[in-house]
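1. how would this look folded up:
(chains A, B, C and D)
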There are 2 protein chains.
Amino acid sequence: MVTLKDIAKHANVSICTVSKYLSSSMVVKKETEQRIQLAIKELGYVPNVVAKALKRMETSNIAVILPKINNLYYSEITSGISQTLGKYHYNLYIYEVDNLQLSEEEILQLMRENMIAGIIFIGLFADQTFQESINNIAGWDIPVVYANRYISNTSYPLVYPDLVQAGEIGTKHLLEKGKERLAVVHKGLREEILHSFLEGCQKAGGKHLPIVMEINDDMDLVNDFVPQLLAQKIEGLFTLNELSAVYLAKALQKADIKIPQDIAVLSLGNSVMSEISTPELTCVDLQNRELGMKSAELILSQIRKEAYEPVTVLEPFIVKRHST
Amino acid sequence: MVTLKDIAKHANVSICTVSKYLSSSMVVKKETEQRIQLAIKELGYVPNVVAKALKRMETSNIAVILPKINNLYYSEITSGISQTLGKYHYNLYIYEVDNLQLSEEEILQLMRENMIAGIIFIGLFADQTFQESINNIAGWDIPVVYANRYISNTSYPLVYPDLVQAGEIGTKHLLEKGKERLAVVHKGLREEILHSFLEGCQKAGGKHLPIVMEINDDMDLVNDFVPQLLAQKIEGLFTLNELSAVYLAKALQKADIKIPQDIAVLSLGNSVMSEISTPELTCVDLQNRELGMKSAELILSQIRKEAYEPVTVLEPFIVKRHST
DNA sequence: TTGTAAGCGTTATCAG
DNA sequence: CTGATAACGCTTACAA
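-> Sure thing, here's the model as predicted:
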């Protein structure tokens, strides 16, 4: 391995001169510069960031912790993070919690062992316990961003889409399409999140409040769920999970219900899935890539000890297709 | 930060005793062990893997280099890699080439700066140039795995699905369904890959050889491509790209062609996309997760200096749904 | 069974 | 402008 020492010897200067020159924290004589450059080229020097990290007690590694990466929702956010981090020459670690099977405490220990510069949690650790865990590790003060989490009482920045507005613009759209009796369908969504949503639906006006219906993976959509919709005379479905929206659209059609004439389907989230569904689903775009980019920026702000907003809310927008 | 030194002092032993005890490379007296354990607990010691890496000149970080992570094809492979690496306590770096905009040479430099323990390339750098680049970096011998690449003359292990067999079982399936006039549709696929495929199609028998048709993103599928299919009296479509298969199915239906009665559609790759398409697509599963897991194992074998097979071929299998 | 001491490659503090 | 020299936290001969 070629080290600074080798370069220094080859260029007839001290190690420190080379180091300072390379980190551009010192101006050197033209002639010295040339000798150093030559040595670097001739010997094929590659700096060692591990040594640098040890000395500076700080790495350029950011960890993203998420349930699973093979899910478009998470991978789009991650791609946004990667885009911004790449621009600033930070590296990106991925930890899939579903695969790792580690507790919060263990994950934090892992982060610390590796001298991670910052952690972005995507949709995880909703409750207060993590905040406590992190305080348990004596004197450890690490930048953290919660992406897509709605937590109160945290000292770390939050980034999430405006669910109230998502509910409002979605509902408004359905109302404009003449759909009055609406159902909000979700799959195990937490109470507070659902509540924000419904607040938005309410703001949109409309004669009736939407009915809330929960589904799960074991349910027989065609034989159990669709009949419920018909019994309630539902005209529009606002599905709070993109994949579920696709499956619901399939189920409706299997039951010979026309989309959007009989029942309109609106999904939350705008990945290819909405686009390739039949019919192509109108959806509320939550701006996942932007969410990721913003999360990365917030981590970098913390690392640089700059000021940052404690809460960043992204504006969702509607993408009109053929299901409404 | 609590270091080994602190633990040693607190437990009244030498640094080296603690270090060796922790790496279980030494047996210590029961009493010493207790004192060390107590110190670790009381002071809240967390080992520093960066320091360890510098000393040992070796990290536990594996880099995955791929075009983009927000693509189910790549993210499923990545999840497989993550699963295996997690089991062996290796960390996973992700580098998205589309975002990074770095040359091969620069990527390699980055890997080396960070003392990456191994690199997995997914579907990239098809040609010989990378092999040369890596040799250019003087005396650098790093474990590499090419996942989903069909390269000859490489000293690194290759993992890929058996395309000949994929072609064969797909074609056989279409023939069994009574489809005789087949077309293989691809999007900018390289000649050799296409060739393996067609070899498989041929092995399946059938009266006619499949026609090869290429599509691209600018094409008007409904008005340009579908008429071509009709003109050629095509009865079955073997689409070598899952997303394209979905779009083709959509285009066919828009042109009032019944799937599978008029034309059957078979896709290559089995992500949710095939499943949520209408009709649900029959496909040849390429075992992406297994591909990832195997790639990770091959990297680990190289790191451990164990023997490994130079080429691993995964057996694809057919998943029957409603489009054939 | 335990301790001493020399590094890994870099940065940083001083002094010239 | 340049150069000694001391760390950063850990591993590992080699001694005791």
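2. got the contact list for A:Leu300?
-> Contacts for A:Leu300 (CB atoms under 8 Å, 6 or more residues apart in numbering or on different chains) come out as A:84, A:88, A:90, A:118. No exception for glycine: its C-beta is placed from N, CA and C like everyone else's.
3. helix, strand, or coil at A:Phe225?
-> For A:Phe225, the assignment made with DSSP: H, G, I helix; E, B strand; the rest coil gives helix.
4. re the thing from before, between the contacts of A:Leu300, which has the most around it?
-> Most neighbours among the contacts of A:Leu300, by other CB atoms under 10 Å in any protein chain shown: A:Gly118, with 25 neighbours.
5. which ones are touching that residue?
-> Applying CB under 8 Å, 6+ apart, we find A:Gly118 in contact with A:62-63, A:142-145, A:299-300, A:302-303.
6. secondary structure element for the most centrally placed residue in chain A?
-> Taking CA atoms, centre = their mean, the centroid of chain A lies closest to A:Ile77, which sits 3.8 Å from it. According to DSSP states H and E, A:Ile77 maps onto helix A:72-87.
7. gap between that helix and the chain center?
-> When distances are taken as CA atoms, centre = their mean, to the nearest Å, helix A:72-87 is centred 7 Å away from the chain's centroid.
8. what is the mean pLDDT for the very next helix or strand once past it?
-> Tracing the chain C-terminally past helix A:72-87 and defining elements by DSSP H and E, one meets strand A:91-96 next. Taken as a whole, strand A:91-96 has an average pLDDT of 97.
9. got the contact list for whichever helix or strand comes after strand A:91-96?
-> Using DSSP H and E, the next helix or strand after strand A:91-96 towards the C-terminus is helix A:97-100. Residues from elsewhere that reach helix A:97-100, judged by CB under 8 Å, 6+ apart: A:65-68, A:107, A:124, B:79, B:82-83, B:86.
10. for those residues, which one is nearest A:Ile94?
-> Lowest distance from A:Ile94 to the contacts of helix A:97-100 (CB to CB) belongs to B:Ser82, with 6.3 Å.
11. and the closest one, what does it touch?
-> Counting by CB under 8 Å, 6+ apart, B:Ser82 touches A:69, A:94-96, A:99, B:92, B:292.
12. just among these, which is most surrounded?
-> Using other CB under 10 Å as the neighbour test, these are led by B:Gly292, with 29 neighbours.
13. how close does that residue sit to B:Tyr73?
-> 11 Å (CB to CB, to the nearest Å).
14. cool, A:Asn12 as well?
-> Relative to B:Tyr73, A:Asn12 is positioned 53 Å away (CB to CB).
15. now do A:Val18
-> Relative to B:Tyr73, and taking CB to CB, A:Val18 is found at 45 Å.
16. which one of the two is surrounded by more residues?
-> Under the criterion of other CB under 10 Å, the comparison of A:Val18 against B:Tyr73 puts A:Val18 first, with 27 against 22.
17. tell me if I'm right that that one and A:His10 touch.
-> No: under the criterion of CB atoms under 8 Å, A:Val18 is not in contact with A:His10, lying 9.7 Å apart.
18. all the helices of chain A, in order from the start?
-> Ranges of helices within chain A are A:4-11, A:15-22, A:30-43, A:49-56, A:72-87, A:97-100, A:104-113, A:129-136, A:163-176, A:191-203, A:226-231, A:242-254, A:272-276, A:288-303, based on DSSP state H.
19. who in chain A is up against DNA strand C?
-> A:1, A:3-5, A:15-16, A:19-20, A:22-23, A:25, A:47-48, A:51-52, A:54-56 (CB under 7 Å from any atom of the strand).
20. only whichever of those are buried, select them in ChimeraX.
-> Entered in ChimeraX, the line below selects the buried ones among the residues of chain A next to DNA strand C, by 16 or more other CB atoms under 10 Å in any protein chain shown:
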select /A:3,4,19,47,48,51,52,54
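21. just the residues of chain A next to DNA strand C that are near chain B?
-> Contacts with chain B within the residues of chain A next to DNA strand C, as defined by CB under 8 Å from any CB of the partner chain: A:1, A:47-48, A:51, A:54.
22. and which of the contacts of helix A:97-100 is nearest DNA strand D?
-> The shortest approach to DNA strand D among those belongs to A:Ile107, at 18.8 Å (CB to the nearest atom of the strand).
23. can you pull the contacts of that closest one?
-> Listed by CB under 8 Å, 6+ apart, the contact partners of A:Ile107 are A:65, A:95, A:97, A:100.
24. A:Ile119 bridge partners, please.
-> Taking DSSP bridges as the rule, A:Ile119 bridges to A:Ala63, A:Val144.
25. tell me if stretch A:227-243 is near chain B.
-> Yes: contact of stretch A:227-243 with chain B (CB under 8 Å from any CB) involves A:Leu243.
26. run a quick neighbour tally on A:Met57.
-> 10.
27. can you list the low-confidence ranges for the stretch 201-324 of chain A?
-> Under the criterion pLDDT under 70, no range of the stretch 201-324 of chain A is flagged.
28. up against chain B, what does it have?
-> Applying CB under 8 Å from any CB, one finds that the stretch 201-324 of chain A approaches chain B through A:243, A:246-247, A:250, A:253, A:272-273, A:276-278, A:289.
29. for these, work out which two are farthest apart.
-> A:Gln253 and A:Arg289 (30.5 Å).
30. CA atoms only: put stretch A:245-262 into CSV for me.
-> C-alpha atoms of stretch A:245-262 as CSV (Å, rounded to 0.1, in the frame of the first residue of the first chain):
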residue,chain,number,x,y,z
ALA,A,245,-55.2,0.1,-4.1
VAL,A,246,-54.0,-2.1,-7.0
TYR,A,247,-55.4,-5.2,-5.5
LEU,A,248,-58.7,-3.5,-4.6
ALA,A,249,-59.0,-2.3,-8.2
LYS,A,250,-58.5,-5.9,-9.3
ALA,A,251,-61.1,-7.2,-6.9
LEU,A,252,-63.7,-4.6,-7.9
GLN,A,253,-63.3,-5.6,-11.5
LYS,A,254,-63.5,-9.3,-10.7
ALA,A,255,-66.8,-8.5,-9.1
ASP,A,256,-67.9,-6.8,-12.3
ILE,A,257,-67.9,-3.3,-10.8
LYS,A,258,-66.8,-0.6,-13.2
ILE,A,259,-63.9,1.7,-12.3
PRO,A,260,-64.5,4.7,-12.2
GLN,A,261,-68.2,4.7,-13.2
ASP,A,262,-69.4,2.5,-10.3
